[in-house]
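> Following is a predicted model, sequence given first.
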Amino acid sequence: MYQVIAFYKFVPLPDCASMQQPIIDFCEKNGIKGTILLAPEGINSTIAGTPDGISNIVAFLRSYPPLSDLPYKLSNAAEYPFKRLKVRIKKEIVTMKVPVNPINLVGRYVKPKDWNNLIQREDVIVVDTRNSYEYDIGTFDRAIDPKTNIFSEFPNYVTTHLADKKDRPIAMFCTGGIRCEKATSYLLDQGFKEVYHLDGGILKYLEEIPEEQSLWRGECFIFDEREALSTGLKNRKK
């Protein structure tokens, strides 16, 4: 059995390039596979390894002061869900191509236990910030598909479909939370008054909310060889 962890953190990392090789060396020493993205705005990753390897890499990353409280989500896999290790330096840890600052400005976090009540309110507009192929295999009741193919198309969706709704409450969600950090920051910067996002994303919701209470329909697409997860973070059979 292998462990898979997904994590991100928006935090200033101006010297992120100097972190690249030490992280590569440590991951290779501990048998870690997957992808780690580093950028001046933070870190974003999904990686897998043995329980000891995962414990070691978490401790190593947290040894960097800006990442001392790095949060992560843990799941299991019968086999390595990644074939190799990639540690890359990027301009953004999630590409939006417009200037936003989620380090200082984000929407209101909503815990999974409170999410159902929010998205069932008739005045709330529920927006899936993921791409259409992700929406197609699973989403929440009442969620709108922005019909994007890549996340950098999301600002255009806001301009063409939401710009006249700045006084309406907007509730947004994504797989693990990272896209919503930028999406909610962008909406607030554009003058939206009441913006919410699901704390921990769909994965946290599926982990915490029992199936009989869930408003999730279908499965959650993930970017590794497990393809999709359902309630309780159970792996879909291929």
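Perfect, thanks for sending it. All values derive from a computational prediction rather than experimental measurement.

> Could you give the number of residues near Asp69?
The burial metric for Asp69, expressed as a neighbour count using other Cβ atoms under 10 Å, is 8. Using the backbone N, CA and C atoms, a C-beta is placed for each residue, glycine as well.

> Surely it touches Val58?
No: counting by Cβ atoms under 8 Å, Asp69 does not reach Val58; the two are 11.4 Å apart.

> secondary structure element for the one residue sitting closest to the centre of the chain?
When the chain is reduced to its mean C-alpha position, the nearest residue by Cα atoms, centre = their mean turns out to be Gly176, at 2.8 Å. With the criterion set as DSSP states H and E, no secondary-structure element contains Gly176; it sits in neither a helix nor a strand.

> can you pull the buried residues of the strand or helix carrying Asn44?
Taking DSSP H and E as the criterion, the element that holds Asn44 is strand 42-49. When burial is assessed from 16 or more other Cβ atoms under 10 Å, strand 42-49 yields the following buried residues: Gly42, Ile43, Asn44, Ser45, Thr46, Ile47, Ala48, Gly49.

> and Glu194, what is it in contact with?
Arg108, Asp167, Arg168, Pro169, Ile170 (Cβ atoms under 8 Å, 6 or more residues apart in numbering).

> Touching, the fourth one and Ile125? I think so.
This means Pro169. Yes: applying Cβ under 8 Å, one finds Pro169 in contact with Ile125, separated by 7.0 Å.

> nearest spatial neighbour of Pro51, skipping sequence neighbours?
The spatially closest residue to Pro51, leaving aside those adjacent along the chain, is Gln3, at 5.3 Å (Cβ to Cβ, 6 or more residues apart in numbering).

> Around that neighbour, how many other residues sit close by?
When neighbours are defined as other Cβ under 10 Å, Gln3 has 17 of them.

> mind checking which helix or strand it is in?
Counting by DSSP H and E, the element that carries Gln3 is strand 2-10.

> Look through the chain and tell me its longest helix.
Counting by DSSP state H, the longest helix found in the chain is helix 16-29.
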